[in-house]
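A.B. asks: quick one, what's the 3D model for this:
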Amino acid sequence: MLNLRQLEILRAVVQFRTTVGAAEHLGMSQPSISNTIRHIETVLGFPLFERVSNRLQPTEEAMILLQESEPLFMLRDAVNQRAADLRMGRIGRVRVAATAEVSEGVLPRVIADYATEHPRIRISLETHLLSPVLQMVENGVADVAFVLSPLDRQALQYEHIDELRAVVLCDAGDPLARLDTVTPRDLADRPLVGPQVANRIGLLFADSFRASGLEYQPVIETRFMNAAARIARDGWGVALVDELSAFSAMRPGMVVRPYDARFSFELAAATPRAKTTSRQTRRFIEAFRQRSALRLAEVRAATLRTGRDQDQPGD
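C.D. replies: Numbering: from 1, shown residues only. As a prediction, the model looks like this:
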């Protein structure tokens, strides 16, 4: 019978007790306010106001109507606030998928910072192998995936973030720590832990060994490079991994040396090709880009620093 606009006009007249005050508040003309009130009274069949000393006194019926309609105004205000929050990017969700190396090396800091800056954003993180991670984005289970050396997928588009170098993580007392660059030949017959040949990154390492006439045969094979780095950190062998994984596993007494490889690992963000990336997801990708740049700057500074330390006399 009554729409929300008519109730809003009734509410304003009750608040200001004059049609002039209500008109100014709502940005309407005074005749429009008066005509609306008369129309409402005609539809309802009873008066809503009594004129007392040039002011409009609401009847008991008018106050009952306003009391019953107040939840509608609260709901409207909530919807408007939600719309404003969405417009400003203050609410929403970001569903993230990533391989283990990225989940450990960069994403924890990105998520912590993002959640602090946008406390009303819901963030979820799934960590899997490369293929399932990409499949999650293809199936709409994740909004974005952060991966190393991604596979070509027709349904996905990749956004380049950075290039990660291959490195060797070893004890500071290891002879490898004194080398400017570690080659496959330097790793021959060493207790090596690295990615298994069955995965794509392991094949890259295997190819680099094969180019030197050697076989890539890590004593301990891992599915994820961050696991390989942690095994070396905990005291067994030397790890052949990406620089993020090496830095995440660093402890006092360990160094990171560059690996002589003609390849690098592309760090990329994968999103659906057929779907427009949401503003919230886009904002998260940019936060990831900035944090990964800072993280890699720390990694490379640490690599240079530990290299210089090994060149000091008396070691």
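A.B. asks: drop to CA atoms for contacts and neighbour counts, all remaining ones
C.D. replies: Noted.
A.B. asks: from Ala97, how far off is the spatially most central residue of the chain?
C.D. replies: Nearest to the mean C-alpha position of the chain, by C-alpha atoms, centre = their mean, lies Phe284 at 3.9 Å. Distance from Phe284 to Ala97, counting by C-alpha to C-alpha, to the nearest Å: 12 Å.
A.B. asks: now swap in Val167 and tell me
C.D. replies: 25 Å.
A.B. asks: same check on Gln6?
C.D. replies: 49 Å.
A.B. asks: cool, and Gln15?
C.D. replies: Taking C-alpha to C-alpha as the measure, Gln15 falls 52 Å from Ala97.
A.B. asks: check which helix or strand Pro258 maps to.
C.D. replies: Using DSSP states H and E, Pro258 falls within strand 254-258.
A.B. asks: kindly apply the preceding question to Ile37 instead.
C.D. replies: Here Ile37 is assigned to helix 30-44, by DSSP H and E.
A.B. asks: which parts of that helix are buried?
C.D. replies: Ile33, Ser34, Thr36, Ile37, Ile40 (16 or more other C-alpha atoms under 10 Å).
A.B. asks: strand 254-258 and the longest helix anywhere in the chain, what's the angle between them?
C.D. replies: Counting residues, the longest helix in the chain under DSSP state H turns out to be helix 279-310. If you take axes from the mean of the first three to the mean of the last three C-alpha atoms, to 10 degrees, helix 279-310 sits at 100 degrees to strand 254-258.
A.B. asks: relative to the whole chain's centre, how far out is helix 279-310?
C.D. replies: 16 Å (C-alpha atoms, centre = their mean, to the nearest Å).
A.B. asks: the residue located most distally from the centre of the chain and Ala83: what is the separation?
C.D. replies: Distance from the C-alpha centroid of the chain peaks at Ser53, with 61.9 Å (C-alpha atoms, centre = their mean). For Ser53, the distance to Ala83 equals 42 Å [C-alpha to C-alpha].
A.B. asks: so which of Gln15 and Ala97 has more stuff around it?
C.D. replies: Set side by side, Gln15 and Ala97 show more neighbours around Ala97, with 30 against 13, by other C-alpha atoms under 10 Å.
A.B. asks: so when I look at that one, I'm seeing a helix, right?
C.D. replies: No: Ala97 is assigned strand when assessed by DSSP: H, G, I helix; E, B strand; the rest coil, not a helix.
A.B. asks: what stretches of the protein score poorly on pLDDT?
C.D. replies: 82, 85, 88-91, 304-315 (pLDDT under 70).
A.B. asks: what about the helices in it?
C.D. replies: 4-16, 19-26, 30-44, 60-88, 100-105, 107-117, 130-138, 184-187, 200-211, 225-233, 243-248, 279-310.
A.B. asks: would you mark the buried spots in stretch 225-241?
C.D. replies: Of the residues in stretch 225-241, those buried (16+ other C-alpha under 10 Å) are 225-233, 236-241.
A.B. asks: how close does Val182 get to Val238?
C.D. replies: Taking C-alpha to C-alpha, one finds Val182 at 11 Å from Val238.
A.B. asks: also Gly173?
C.D. replies: 12 Å.
A.B. asks: okay, and the common contacts of Val182 and Val238?
C.D. replies: Val168 (C-alpha atoms under 8 Å, 6 or more residues apart in numbering).
A.B. asks: first-to-last residue distance for stretch 15-22?
C.D. replies: Stretch 15-22: ends 8 Å apart by C-alpha to C-alpha.
A.B. asks: distance from that stretch to the middle of the chain?
C.D. replies: With C-alpha atoms, centre = their mean, you get 49 Å for stretch 15-22.
A.B. asks: show me what counts as buried in that stretch.
C.D. replies: Phe16, Arg17, Thr18, Thr19, Val20, Gly21, Ala22.
A.B. asks: just checking, Pro150 touches Ala268?
C.D. replies: Yes: look at Pro150 against Ala268 with C-alpha atoms under 8 Å: they come within range, at 7.3 Å.
A.B. asks: show the backbone phi and psi for Thr99.
C.D. replies: Backbone torsions of Thr99, given as degrees, to the nearest 10, read phi -80, psi 160.
A.B. asks: do the same with Pro218
C.D. replies: Main-chain torsions, Pro218, degrees, to the nearest 10: phi -60, psi 140.
A.B. asks: now swap in Asp152 and tell me
C.D. replies: Per-residue torsions, Asp152: phi -70, psi 130 (degrees, to the nearest 10).
A.B. asks: and what of Gly213?
C.D. replies: Residue torsions, per degrees, to the nearest 10, at Gly213 are phi 80, psi 20.
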